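Trainee: show me the folded form of this:
(4 chains)
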Number of protein chains: 2
Amino acid sequence: MIELRPLQQFLAVAELLHFGRAAQALHMSQPPLTQAVRKLEAQLGVQLFERSSRSVRLTPAGTALQALATRLLAEAAALPQEVRAVARGLAGRLRLAFVSTVGFGGLPLWLRSFREACPQVSLALREATLDVQLRDFAAGNIDAGFVIHTPGDAPAGFERLSVGIEPLVLALPSSDRPPTDAQCRAAPLVIFPREVAPSLYDAILTHHGGAGQGVQIGQEAIQMQTIINLVSAAIGVAWVPASLQGLQRAGVSYRAMPGAPEVETSLIWRSDASPAVARFVEHVSRHA
Amino acid sequence: MIELRPLQQFLAVAELLHFGRAAQALHMSQPPLTQAVRKLEAQLGVQLFERSSRSVRLTPAGTALQALATRLLAEAAALPQEVRAVARGLAGRLRLAFVSTVGFGGLPLWLRSFREACPQVSLALREATLDVQLRDFAAGNIDAGFVIHTPGDAPAGFERLSVGIEPLVLALPSSDRPPTDAQCRAAPLVIFPREVAPSLYDAILTHHGGAGQGVQIGQEAIQMQTIINLVSAAIGVAWVPASLQGLQRAGVSYRAMPGAPEVETSLIWRSDASPAVARFVEHVSRHA
DNA sequence: TAAAAATACTCCATAGGTATTTTAT
DNA sequence: ATAAAATACCTATGGAGTATTTTTA
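Mentor: Numbering: from 1, shown residues only, chains lettered A, B, ... in the order given. Prediction:
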């Protein structure tokens, strides 16, 4: 294996074309430099310089090595910085999942400012429901995820940063005569499948149906946009986070309901996550 | 400066995640390997492994270094082969000039077979007259050149490989009544400027005009193609190498003239040329 | 408690230094 | 004649070995 030091020494001679001055530049004496270059030539089985006591010139092979070694040494010199950047979370990879609701909240802004702060971190985004995220964490496919859950019932086994608690509001089809609260509660419900987030699902049904009353499910859907579309088609009503009111849709109006359940949005990650994750968490905690 | 050996040792541990087995793979004992990795970590200022007596795992920085070091070592390992290839003339750069006539001779075939034989040699071609080539050699812009000259009068100060001697033939405008040889000799001459190749120019004029007779210059031109075009326009006659007869052109016929001067085509190069040049010379000498 | 990493020390290969000789202009 | 590379020989740093201890699953 050719080492880097001999290449560095060779480059000094190749540049100055003078063993004595090259040795000076390398802060060493001339004889060991001569030896090192000769040893390098022996290792390569190739003459690198045409020497006489009056002139030193590069052979074609020497010219080729000069180009190759310069590149190699530049890469080697950059390596520690890159590794340190990864260790400090300023470079690397961050695979981030998020539930669709946060896409309507602060996520776009946080991502934008994070990319500015850490441009060397490559971000891989993936919209996924809570259940899918949990599987992705288990499979090691994602590094962090924004999830939504009932307050105080965050997924277990994760580090967590809460980014806000908000009430659910009722999304209902627009109509000439606004229905009463009771009518709203009696309407069919548009909701995500229970397995996506059981505790949140149960909390909504409990509240919507009152104390154990039968609740009619109008349609199940996963994407927030789809749920709102179904409401606009008067298939039923839906409980959505208050921040969703930013999503205006013809034929849909929102109504805050007294005593409505609250939901919490959290960023979760494994405790053994990479420094890039820690950077991102810290970034979100400052901007949320 | 990070050296390559510690990186290699690190990679072994990173792959096997076991200091003892990695040491075995490296044909060394475990303690110095542990030391080397710790020293590397100290140099980088970064922890590369999470160690316990039961498990060794890569940190994110370690994962990053694994990728970087793998690439760096692969390049370092390839370096000797590349340098040796350049030294043997199997790789490198070859800047080749040629006078336009050889473009109609063997050059295309030689180039094609040379590219097959030495695909790693990057060929830079340049059509140039003898005088331009001599300046390019002096300026270090070309490595070898095909030139045409009177036999025994090759450019001085070069290594040389003759690739053939041939007579000049007369290119003349086609006509119903073929002119006599004497008429041909009396016709205006289409020829290159004298400074392009003085000795060849003088030889042509001496022969064409006979013993010091006045010779009329119809037009000067440099490119062979242009000279033939001028002949076809009946501006005059031209002496061209016999091999040029391969270039058929409406309105132009060729006539071998007894006692016509001969020209020699040679490949010339500096005696300190690169191995790639030597390869090329050797290739041409076998195929010419 | 047992497997594996860390520590303590010893040794030697080799990078580097000094003094000198050889060589080519 | 002289500048510069090569040679000869010496020194010492640090990479690698052996023996042992510490750690944790």
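
Trainee: the strand ranked longest in chain A near chain B anywhere?
Mentor: Longest strand in chain A by number of residues (criterion: DSSP state E): strand A:159-173. No: judged by Cβ under 8 Å from any Cβ of the partner chain, strand A:159-173 and chain B are separated, with a smallest distance of 15.4 Å. For every residue, glycine as well, the C-beta is placed using N, CA and C.

Trainee: and that strand, what's buried?
Mentor: A:159-161, A:163-164, A:166, A:168-173 (16 or more other Cβ atoms under 10 Å in any protein chain shown).

Trainee: next one: stretch A:178-189
Mentor: Neighbour-count burial for stretch A:178-189 [16+ other Cβ under 10 Å]: A:185-189.

Trainee: CA atoms of the helix or strand where A:Val132 lies as CSV?
Mentor: Using DSSP states H and E, the secondary-structure element containing A:Val132 is helix A:130-138. C-alpha atoms of helix A:130-138 as CSV (Å, rounded to 0.1, in the frame of the first residue of the first chain):
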residue,chain,number,x,y,z
LEU,A,130,-48.4,6.8,12.6
ASP,A,131,-48.7,3.1,12.2
VAL,A,132,-46.6,3.2,9.0
GLN,A,133,-44.0,5.3,10.8
LEU,A,134,-43.7,2.9,13.7
ARG,A,135,-43.0,0.1,11.2
ASP,A,136,-40.4,2.3,9.4
PHE,A,137,-38.7,3.1,12.6
ALA,A,138,-38.5,-0.6,13.5
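
Trainee: can you list contacts of stretch A:252-264?
Mentor: By Cβ atoms under 8 Å, 6 or more residues apart in numbering or on different chains, the list of residues contacting stretch A:252-264 from outside reads A:148-152, A:154, A:162, A:164-174, A:181, A:184, A:200, A:203-204, A:207, A:228, A:231-232, A:239-242, A:244-245.

Trainee: go ahead and confirm A:Arg126 touches A:Ile142.
Mentor: Yes: with contact defined as Cβ atoms under 8 Å, A:Arg126 and A:Ile142 form a contacting pair (6.6 Å).

Trainee: higher neighbour count, the two?
Mentor: Applying other Cβ atoms under 10 Å in any protein chain shown to A:Arg126 and A:Ile142 shows that A:Ile142 carries more neighbours, namely 25 against 14.

Trainee: quick check, the more buried one in contact with A:Gln133.
Mentor: Yes: taking Cβ under 8 Å as the definition, A:Ile142 is a contact partner of A:Gln133 at 6.7 Å.

Trainee: if you drop the residues flanking it in sequence, what lies closest to A:Gln8?
Mentor: A:Leu73 (6.2 Å; Cβ to Cβ, 6 or more residues apart in numbering or on different chains).

Trainee: do A:Leu111 as well
Mentor: Nearest to A:Leu111 is A:Leu123, by Cβ to Cβ, 6+ apart, at 6.9 Å.

Trainee: number of residues surrounding that neighbour?
Mentor: 14.

Trainee: now it: phi and psi?
Mentor: phi -100, psi 130 (degrees, to the nearest 10).

Trainee: from what I can see it touches A:Glu116, true?
Mentor: No: A:Leu123 is not in contact with A:Glu116 according to Cβ under 8 Å; the separation is 11.9 Å.

Trainee: what sits against A:Leu170?
Mentor: Applying Cβ under 8 Å, 6+ apart, the residues near A:Leu170 are A:184, A:237-240, A:254-257, A:260.

Trainee: can I get the residues you listed in a markdown table with pLDDT?
Mentor: Conversion of the contacts of A:Leu170 to a markdown table gives the following (pLDDT from 0 to 100):
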| residue | pLDDT |
| --- | --- |
| A:Cys184 | 83 |
| A:Val237 | 94 |
| A:Ala238 | 95 |
| A:Trp239 | 95 |
| A:Val240 | 95 |
| A:Tyr254 | 94 |
| A:Arg255 | 93 |
| A:Ala256 | 92 |
| A:Met257 | 90 |
| A:Ala260 | 91 |
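
Trainee: just the closest of those residues to A:Leu94, please.
Mentor: Among the contacts of A:Leu170, A:Val240 lies closest to A:Leu94 (Cβ to Cβ), at 28.0 Å.
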